[in-house]
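# sequence unknown, structure follows:
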């Protein structure tokens, strides 16, 4: 039983953690990169033709800043809105709170941050308009912004991850209980055994 519960535990981990990671990182490909903002032209709307076979599409934004800005709890640095045919398909504030900075020009103190701006789950054969704009964060000087689109290898089935969490819990609890039963049991008490016969047939006397 220990082996069975351990296998259930591993299967749960694969479904709850491994599966979402694989759908996002394995087998997809980059659609392209577009310039969304600079100090000269400002914010520029971007029109990108997409195909239904591209779905789901991950949207990311990369910014170059001056110095190391305070990004935690400072609100949205940028906003992104995507639409097609007059219908909004994605509207997302981008905070860059969890993004790790990269040095691109140490002499001028420039840092690069990259963050997700959401996913377009269903895509039509149409032209999509992406509009990047300023957020409400204070004290963040954005020098440039780039828009990245990437296809996932497969659509994420929202039913798989909750099942994975349940299997992980069942496997872990079952494995612990199986280990307890294997090592458990009350040791025999020699004082509880009936005394040996001292006389007669089979006795010690």
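Structure's in. What do you need? Everything numeric here is computed off the predicted structure, so don't read it as measured data.
# Provide the count of other residues in contact range of residue 90.
18 (other C-beta atoms under 10 Å). In short, each C-beta sits where N, CA and C put it, glycine included.
# Give me the contacts around stretch 120-131.
With contact meaning C-beta atoms under 8 Å, 6 or more residues apart in numbering, stretch 120-131 is reached by 34, 36, 43, 45-52, 54-57, 59, 80-85, 89-90, 147, 155.
# Quick one: name whatever helix or strand follows the lowest-mean-pLDDT helix or strand in the chain.
Every helix and strand of the chain was ranked by mean pLDDT, DSSP states H and E. The lowest is helix 19-25, at a mean of 61. The helix or strand immediately downstream of helix 19-25 is strand 29-38, counting by DSSP states H and E.
# Tell me the helices and strands packed up against the following helix or strand past that next one.
As assigned by DSSP H and E, the chain's next helix or strand after strand 29-38 is strand 42-43. Applying 3 or more C-beta pairs under 8 Å, 6 or more residues apart in numbering; DSSP states H and E, one finds that strand 42-43 contacts strand 126-134.
# Name the residues of the strand it packs on that are buried.
Within strand 126-134, the residues that count as buried by 16 or more other C-beta atoms under 10 Å are 128-130, 132.
# Ok, stretch 32-41 next?
Those buried within stretch 32-41 under the rule 16+ other C-beta under 10 Å are 34, 36-37.
# likewise stretch 82-95?
Using 16+ other C-beta under 10 Å as the test for burial, stretch 82-95 gives 82, 84, 89-90, 92, 94-95.
# next one: stretch 142-162
142-152, 156.
# Domains in this structure, by residue range?
1-27+158-182, 28-151 (automatic domain parsing).
# so what strands line up beside whichever helix or strand residue 145 is part of?
Of the helices and strands defined by DSSP H and E, residue 145 is found in strand 142-151. Its sheet considered, strand 142-151 pairs with strand 29-38 (antiparallel), strand 57-66 (antiparallel) by DSSP bridges.
# With mean pLDDT as new columns, can these be given to me in TSV?
As requested, the strands paired with strand 142-151 are arranged in TSV below (pLDDT from 0 to 100):
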stretch	mean pLDDT
strand 29-38	94
strand 57-66	95
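# Of all those, which one is nearest residue 16?
strand 57-66 (20.1 Å; C-beta to C-beta).
# how about the strands in the chain?
Secondary structure of the chain (DSSP state E): strands at 29-38, 42-43, 46-50, 57-66, 78-84, 87-94, 102-105, 110-120, 126-134, 142-151.
# which ones are touching the closest residue to residue 35 other than its chain neighbours?
The shortest distance from residue 35 to any residue other than its chain neighbours is 6.2 Å, reached at residue 146 (C-beta to C-beta, 6 or more residues apart in numbering). Contacts for residue 146 (C-beta under 8 Å, 6+ apart) come out as 33-36, 61-63.
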